[in-house]
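In: sequence and predicted model, in that order:
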Amino acid sequence: MHDLTDATARAVVLRAEIGEHNQRYYVLDDPQIPDAEYDRLFRELEDIEAEFPQLRSVDSPTQRVGSTPVEKFLPVEHVVPMLSLSNAFTDEDIRNFDRRSRETLELTTIEYSAEPKFDGLAVNLRFERGIFVRGATRGDGSTGEDVTQNLRTIRNIPLRLSGSAPEILDVRGEVILFKDDFELLNHRQREAGNKEFVNPRNAAAGSLRQLNPKITASRPLRFLAYGLGHILPQNQFRKHSETLSWLKSLGIPVSTEARIVTGPDGLQTYYESLQLRRESLPYEIDGVVYKINETALQERMGFVARAPRFAIAYKFPAQEALTVVLDIDIQVGRTGALTPVARLSPVFVGGVTVTNATLHNEEELRRKDIWIGDTVVVRRAGDVIPEVVRSLPERRPGTARTFAMPTRCPICGSAVSRPSDEAVARCTGGAVCPAQRKQALMHFASRRAMNIEGLGDKLIDQIVDAGLVTTAADIYSLSQQSLVDLPRMGEKSAKNVIESILNSRRTTLARFIYALGIRNVGEATAAELARYFGNLNALMVADIEQLQDVPDIGPTVSESICDFFADTRNRDNIDRLQAAGVSWDETLAGSGQSRGPLSGHTFVLTGTLRTMTRDEARVRIEQSGGKVLGSVSKKTKWVVAGEDAGSKLEKAHALGVSVIDENELLGLLIK
């Protein structure tokens, strides 16, 4: 039991200490104490505030959990309007923006701040004497909605600023959901039987506009600042980039992707660089924002209508678009899987014209309620195969019709089977089915398998249709002349393909296992099998019980492997491949994990690494004997956290898994 004086002093200390730990955990990704110790401090503060309710302050960490629901959001007038940005869609638009700015300012070159354009919900945070007192949505730019209680639940928004703060500070920024957090949120929605969110932006916006703050508190929202609104005393920083650095020093999160560039070439280079890395970023962006960096020059440029003249948003090509389903066909995969594919009215999305999109399987088609003739939303992200996200039943014409999955393979006529415990229907024709043969050959020749350059889908179609190739082993019997005889195949191209085929004969056991196309055996599982058994013969004779001794391999995968090697056609193909000269280095059966400084250790990679891609990091870890997994569990040895790490980092903290940064990983790799 405390007296009021002691309780007051202790509450001040606890709030400051918990605030510091929140900043390290949610903003800097650099926790200093175990979760149990943090929980102890938090409970102590809760107990003090329960005993002395008059000590409960608006900046207390205990106030993040969500207050009582509100009946409606009250209006908040922005002292400084939250303006929109003019949009650019072409390189010419950007060069015109730079030209107009130089002509207006009578300068030969201009320095810009270049930043990602977040795909979330814009908000304004009001701090008074360093305390977060109110938050509002953009609204119509002049008046927004008061969502203060919901914003309090966002863990990386400081309730009290660090350092010396101005009397009044309005911070502008975006509420977003990281990609990993979005997937986790939809997973929870599915488990609860609730409707899934369409995309991170809609999920973030919907979460922030909940009348019950406790719902918002259950959603993993984040905030990233991009500028200022009203401030007293007036902002004294000469450049926008300096303002961002100052906000960061106050404990307000900002993007790590902001850069200073000069002239139109600098603007274009930044756009292209960020577009290339778009898919590797932990959050969604839909373009870049350019701002003249010097604040004095911004003031000289002024505003036009509801947008500043000194800034512009250069949008990426749309990743979602509306189109019409003209028909639905069936595509047969290498394992016989029947995938419904929507044939679409051509639409430009994600930088390309899309005419086909996957519907995944019959259950997905029914769940999304997609009919032939429907207007649908199509999404394309990076190199990912376009997919139909949802239909718009309100636009469904009277001529629309449902699609029925076939009972016979549309390619070979074999019966279609769908086990009760699987979502995928499959052709039972096996090697008899030309579609399965072609898909199996494409997989065998792919970059991550045997890496046969030039042997793409069109050439495989030709050599299969011409009867030149039936199995993977037949590839190594192809002659240069047999390829030259094919339509549209020149002498030089044929020579290059044959050379690539010959070069592919020297490979690794892991690549070879993966190339075989065993059902349920992906690249990581193939690498694990190669490490564990050391040679192919040991793997081929292993029974289900032996296979389940391999880390992370369960009954389903074990059964698939046994079934594959029990098939005499597969064994014959392997014998012929080895007779054709396909080879690799082997070790003794049962030798287990490959030797190396990381032998026996498992890793999970999250966030953006500075000196290498995550794929390159995976290769280096595996070369050192380690193993890279896709998700965090109690068995994970280390989580390697780069910039903007997401939910995997949080799960590592929750499970007590060791977290290291990129430099520490490099130290392990060179031992």
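Out: Yep, it's here.

In: how far does whichever helix in the chain runs longest sit from the chain's center?
Out: Identified as the longest helix of the chain according to DSSP state H is helix 4-22. The chain centre lies 38 Å from the centre of helix 4-22; the measure is Cα atoms, centre = their mean, to the nearest Å.

In: likewise for stretch 281-288?
Out: Offset of stretch 281-288 from its chain centre (Cα atoms, centre = their mean): 10 Å.

In: keeping just the C-alphas, turn that stretch into PDB.
Out: Only the C-alpha atoms of stretch 281-288 are listed here, as PDB (Å, rounded to 0.1, in the frame of the first residue of the first chain):
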ATOM      1  CA  LEU A 281       9.000  -3.500 -48.200                       C
ATOM      2  CA  PRO A 282       7.100  -4.500 -45.100                       C
ATOM      3  CA  TYR A 283       4.200  -2.200 -45.900                       C
ATOM      4  CA  GLU A 284       2.100  -1.300 -49.000                       C
ATOM      5  CA  ILE A 285       2.900   1.800 -51.000                       C
ATOM      6  CA  ASP A 286       1.200   3.100 -54.100                       C
ATOM      7  CA  GLY A 287       3.800   5.500 -55.300                       C
ATOM      8  CA  VAL A 288       6.400   8.100 -54.200                       C
END
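
In: just say helix, strand or coil for R155.
Out: Under DSSP: H, G, I helix; E, B strand; the rest coil, the three-state class of R155 is coil.

In: contact partners for D93?
Out: If you count contacts by Cβ atoms under 8 Å, 6 or more residues apart in numbering, D93 has them with 312, 314. Glycine gets a C-beta too; all of them are placed from N, C-alpha and C.

In: that one and N87, how far apart?
Out: D93 sits 8 Å away from N87 when distances are taken as Cβ to Cβ, to the nearest Å.

In: which neighbours do these two share?
Out: The contact sets of D93 and N87 overlap at 312, 314 (Cβ under 8 Å, 6+ apart).

In: pretty sure E662 contacts G642?
Out: Yes - contact status for E662 versus G642: in contact at 6.0 Å, counting by Cβ atoms under 8 Å.

In: of those two, who's got more company?
Out: Set E662 next to G642 and count neighbours by other Cβ atoms under 10 Å: G642 wins out with 22 against 19.

In: pull stretch 461-481 out as PDB, backbone CA atoms only.
Out: What follows is stretch 461-481, C-alpha atoms only, in PDB (Å, rounded to 0.1, in the frame of the first residue of the first chain):
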ATOM      1  CA  ASP A 461       5.200 -27.100 -75.700                       C
ATOM      2  CA  GLN A 462       6.900 -27.600 -79.000                       C
ATOM      3  CA  ILE A 463       9.200 -30.500 -78.000                       C
ATOM      4  CA  VAL A 464       6.300 -32.400 -76.200                       C
ATOM      5  CA  ASP A 465       3.900 -31.900 -79.100                       C
ATOM      6  CA  ALA A 466       6.500 -33.000 -81.600                       C
ATOM      7  CA  GLY A 467       7.000 -36.200 -79.600                       C
ATOM      8  CA  LEU A 468      10.700 -35.400 -78.800                       C
ATOM      9  CA  VAL A 469      10.400 -35.400 -75.100                       C
ATOM     10  CA  THR A 470       8.100 -37.400 -72.700                       C
ATOM     11  CA  THR A 471      10.200 -37.500 -69.500                       C
ATOM     12  CA  ALA A 472      12.900 -35.200 -68.000                       C
ATOM     13  CA  ALA A 473      15.500 -37.800 -69.000                       C
ATOM     14  CA  ASP A 474      14.500 -37.300 -72.700                       C
ATOM     15  CA  ILE A 475      15.800 -33.700 -72.400                       C
ATOM     16  CA  TYR A 476      19.400 -34.900 -72.300                       C
ATOM     17  CA  SER A 477      18.800 -36.900 -75.500                       C
ATOM     18  CA  LEU A 478      17.900 -33.800 -77.500                       C
ATOM     19  CA  SER A 479      20.200 -32.900 -80.400                       C
ATOM     20  CA  GLN A 480      20.900 -29.500 -81.800                       C
ATOM     21  CA  GLN A 481      19.400 -30.500 -85.200                       C
END
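
In: and it, what's buried?
Out: 462-464, 468-469, 471-476, 478, 480 (16 or more other Cβ atoms under 10 Å).

In: nearest residue to T470 in space, please, no chain neighbours.
Out: Once flanking residues are discounted, T470 sits nearest to R437: 6.5 Å by Cβ to Cβ, 6 or more residues apart in numbering.

In: what sits against the one you found?
Out: Taking Cβ under 8 Å, 6+ apart, one finds 431, 464, 470-471 in contact with R437.

In: a markdown table for these, including pLDDT and distance to T606?
Out: Formatted as a markdown table, those follow (pLDDT from 0 to 100; distance: Cβ to Cβ, whole Å):
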| residue | pLDDT | distance to T606 |
| --- | --- | --- |
| A431 | 75 | 41 |
| V464 | 91 | 41 |
| T470 | 90 | 44 |
| T471 | 92 | 40 |
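
In: just the ones of these in helices?
Out: Reading helices off these with DSSP H, I get V464.

In: need the max-distance pair from the contacts of R437.
Out: The largest separation in these, counting by Cβ to Cβ, is between A431 and V464 at 11.7 Å.

In: and D421, how many neighbours?
Out: 6.

In: and the one 4 residues further on, by the same measure?
Out: Residues near A425, counting by other Cβ under 10 Å, number 21.

In: doesn't R418 make contact with it?
Out: Yes - counting by Cβ under 8 Å, R418 is a contact partner of A425 at 4.0 Å.

In: and for these two, which residues touch both?
Out: Shared contacts of A425 and R418 (Cβ under 8 Å, 6+ apart): E362.

In: sorry, back to before: shared neighbours, E662 and G642?
Out: With Cβ under 8 Å, 6+ apart, E662 and G642 have common neighbours 609-610.

In: could you look up the SS state of P220?
Out: coil.

In: need the contact list for it.
Out: Counting by Cβ under 8 Å, 6+ apart, P220 touches 177-178, 181, 184-185, 647, 650.
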